[in-house]
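S.K.: from the sequence below, what's the structure:
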Amino acid sequence: MSKQGVSTIGVDVKLGTSTLNYVTEFSDIGGKPSTLDATCMKDTVKKSVPGVQDAADFEITYLFDNSAADSDYRKVKTLQTAGAAVAVEVSLPDGTKFASTGYVSTYVTGGKVDELVSAKAVVSLQSDWTVTNPAANG
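M.R.: Below is the predicted model:
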């Protein structure tokens with residue numbers, strides 16, 4: 001029997017070969033297609049068909065720290081500096097995996113009083129998301 005939802009506790013986000021340790025948020029996985037008008041003169045109702053899927057940039061918010069060589073910020077900044085498309089993978093606690101590829105950039109987001117400093121990784125996707133379903137239980 002299926003569960004009533006999946007918790008974000010234990011979500012794993014990987015860019016290239018690096019797993020990010022302090023992710024606090026990620027954007028939508030997938031996107032909606034554009035709408036192409038397919039209405040003809042004999043139609044009495046407007047008709048449309050799906051066009052190209054708009055998989056907007058994939059964004060990952062993470063807690064900023066630059067004090068160590070293995071900090072998330074340095075790992076992501078290294079990928080940005082390399083300038084090559086890398087794998088991006090999001091693994092959910094139920095075993096579902098979403099994977100794509102893209103170019104990575106990162107920046108520190110603005111801050112406020114009584115708040116941790118955050119950074120954002122932006123992945124300019126170069127391929128559609130693939131889904132790996134979890135293995136069947138039992």
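S.K.: now the phi/psi pair for the nearest residue to Gly111 once chain neighbours are set aside, please.
M.R.: The shortest distance from Gly111 to any non-neighbouring residue, by CB to CB, 6 or more residues apart in numbering, is to Val117 (5.3 Å). For every residue, glycine as well, the C-beta is placed using N, CA and C. Main-chain dihedrals, Val117, degrees, to the nearest 10: phi -70, psi 130.
S.K.: hang on, Val117 packs against Tyr62?
M.R.: No: look at Val117 against Tyr62 with CB atoms under 8 Å: they stay out of range, at 10.5 Å.
S.K.: list the contacts for the residue nearest to the spatial centre of the chain?
M.R.: The centroid of the chain falls nearest to Phe58 when counting by CA atoms, centre = their mean (4.0 Å). Counting by CB atoms under 8 Å, 6 or more residues apart in numbering, Phe58 touches 26-27, 29, 88, 100, 102, 122-123, 125.
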